[in-house]
Structure formats: structure tokens, C-alpha cells
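A.B. asks: Please work out how this folds:
(chains A and B)
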Amino acid sequence: MTGSRFVYVTYIRTTPEKLWAALIEPEFTRQYWAGTYQVSDWKVGSEWKNMIPDGRVGDSGKVLVFDPPHRLSVTWQNEFMPDMKAEGHSTCTYDLEPAGTAVKLTVTHTMDKPDSKLIGGVSEGWPQLLASLKSLLETGEPIIESTKWPEGL
Amino acid sequence: MQPFGCLLRCMDQVFRALADDSRRALLDSLCAHSGQTLNELCSGLDMSRQAVSKHLAILEDANLVATIKRGREKLHYLNAVPIAEIANRWIRKFERHRVDALVDLKRRLESE
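C.D. replies: Take a look at the predicted model:
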């Protein structure tokens, strides 16, 4: 393996349309994604930014695929950690597939570099974030710790 | 709405899948090197190919292992989302630093 990659899967009892909205709409992401929200017109080739609640840009990139409610793919560069920013762009893809009364969400994050710091960093964040997203959609309540941006970061 | 209905069913499967030393060894191996093929996993462990394959299927059913296909090969990844759900259910933030402190203490005492 020359690159770095992680794959995370969760089954969420919801509809693909609701899950799609939860992945991109600010009122949803603020609740489970550490208070952050995304800014984009979501056209293929357009810019995409993930904003930290205090107004800094957390991550940025371009929209590669926007096919609701099936697949969303963006290039992704960290903007607030210098050593991660220096690694350049990774690719993050969300795949949504109906699975009985649930939706299977697969998040694949890849970087063409071995031992990527960005991939190491986000692979600690994603399980928590996805568990909170599942909780929010299934019970109406996110996990409290994932609603706020970590102090001092 | 049945809050936690699915979470509970899924958790039964997760705990059953984790209740086996060989399967925990497979997860350790995937934690150290993500994206291994069946062959790579077999070479690092003292288990028959058939046993590894059977245990991987159980881990995959419990959603503790995610796979993607690359040509004719299947790459295996540790999927920590169900484990995060378990931690979230029983370890709240206000307890977390105390739990961490105890885990550190245990490690220090046991390494002496």
C-alpha cells in the first residue's frame, strides 16, 4: 500500500434523503460535527469549505461528485494544522445505499501518501462523528461532546 | 420511534464478535495495518486461511470490519464506529478524564 486510506461504515435507521441533508446542511452538521458547517454551492468543480464555529476555515477543497442521495465526493485539505495542510489534498467520498429499513453510509478518506498525518487525524475523528450522526438521526439527540468545537484547537 | 432499538441489536452482534481471542487478534492486526488482503492477514497470524476467513465474516457482519474490492482482491479495514457507539453509551465526557486517569494508573502499576 503506497497511500493512506480509511473506510468507515455505519447503518443508520433513516432515509437516504434525510441522511443526505444531514451530511450537507449547516443546521444538521453543527449538531454532530463539532459545531462546524460547510459552505458551497455544491456544483461539481465548485469550492467547498468546512467552517470552524469561530469563523476560521477548517478544511477546503473542490466538489468532485454531487449525486444526491447516492454519492458525494470532495477533495479535502486541512487549513488549520500546518503539518496537515502541508500534505495537500486528500479525497473524501460518502456513499449512501438503502439497506432494509436503514441506510448504509460508507465514508472513504484517501491520501496518496503513506502514513499521512491528515488521515491519521481524521481517522480518530470520524468514528465519533459518525456515531453522533447516527444517534442524531435515530433518536433526535446527538452525542453532547460532538456538538462543540474542542477548546484551544 | 424506537430509540436505540437498532443500536441494541447491533451491539449484541458487536459484543459476540468481540468475545473471541482470534477475532480480537485480527482487529489488532487491522489496527496496525489497515487495508490488508486475506493473504496478508493470514501471513501475520497463526491461523488457517479457513479460520481467518470465517472470523472475518463474523467481524464484517458485526460491522467491525469494512471491506472494499480492488480488482479480485478484498481489502479489510477496522471500522471503529460501533466501538465509538459503545464508548458513547457508557462513558460520558465528565467521566472520561477520570477513566483515562485510571487506565494510565493501571498501565503504570502493571509495567513496574
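A.B. asks: how far away is residue A:105 from chain B?
C.D. replies: Using CB to the nearest CB, to the nearest Å, one gets 9 Å for the distance from residue A:105 to chain B. Placement of C-beta: from N, CA and C, glycine included.
A.B. asks: Could you measure from that residue over to residue B:21?
C.D. replies: Separation of residue A:105 from residue B:21 (CB to CB, to the nearest Å): 31 Å.
A.B. asks: Over to residue A:116?
C.D. replies: Using CB to CB, residue A:116 is found at 32 Å from residue B:21.
A.B. asks: just residue B:57 next, same as before
C.D. replies: Taken as CB to CB, the span from residue B:57 to residue B:21 is 17 Å.
A.B. asks: what's the answer for residue A:93, then?
C.D. replies: Distance from residue A:93 to residue B:21, by CB to CB: 34 Å.
A.B. asks: now swap in residue B:67 and tell me
C.D. replies: Distance of residue B:67 to residue B:21, given as CB to CB: 22 Å.
A.B. asks: neighbour-wise, which of the two wins?
C.D. replies: Using other CB atoms under 10 Å in any protein chain shown, the more surrounded residue of residue B:67 and residue B:21 is residue B:67, with 18 against 7.
A.B. asks: so does the helix or strand of chain A with the lowest mean pLDDT get close to chain B?
C.D. replies: Using mean pLDDT, DSSP states H and E, helix A:117-139 stands out as the lowest-scoring helix or strand of chain A, at a mean of 89. Yes: against chain B, helix A:117-139 shows contacts by CB under 8 Å from any CB of the partner chain at A:126-128, A:130-132, A:134-135, A:138-139.
A.B. asks: Out of these, which comes closest to residue A:24?
C.D. replies: Residue A:24 lies nearest to residue A:130 out of these, by CB to CB, at 15.1 Å.
A.B. asks: can you give me the helices in chain B?
C.D. replies: Using DSSP state H, the helices of chain B run over B:5-18, B:21-32, B:38-44, B:49-61, B:81-90, B:93-111.
A.B. asks: how about low-confidence regions in chain B?
C.D. replies: Within chain B, the segments meeting pLDDT under 70 span B:1-9, B:92-97, B:99.
A.B. asks: Weed out the non-buried ones from the residues of helix A:117-139 next to chain B.
C.D. replies: Among the residues of helix A:117-139 next to chain B, the ones that count as buried by 16 or more other CB atoms under 10 Å in any protein chain shown are A:126-128, A:130-132, A:134-135, A:138.
A.B. asks: and chain A, which residues reach chain B?
C.D. replies: Near chain B, when you scan chain A using CB under 8 Å from any CB, you find A:1, A:5-11, A:13, A:102, A:106, A:108, A:126-128, A:130-132, A:134-135, A:138-140, A:143-145.
A.B. asks: Kindly recompute the last result at 7 Å.
C.D. replies: Proximity of chain A to chain B, by CB under 7 Å from any CB of the partner chain, involves residues A:1, A:5-11, A:13, A:102, A:127-128, A:130-131, A:138-139, A:143-145.
A.B. asks: sorry, back to before: with distance to residue A:60 as extra columns, can I get the residues of helix A:117-139 next to chain B in TSV?
C.D. replies: As requested, those are exported to TSV (distance: CB to CB, whole Å):
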residue	distance to residue A:60
A:126	18
A:127	23
A:128	22
A:130	21
A:131	25
A:132	23
A:134	26
A:135	28
A:138	31
A:139	32
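A.B. asks: Which residue, other than its chain neighbours, is closest to residue B:26?
C.D. replies: The spatial neighbour of residue B:26 that comes closest, neighbours along the chain excluded (CB to CB, 6 or more residues apart in numbering or on different chains), is residue B:55 at 5.7 Å.
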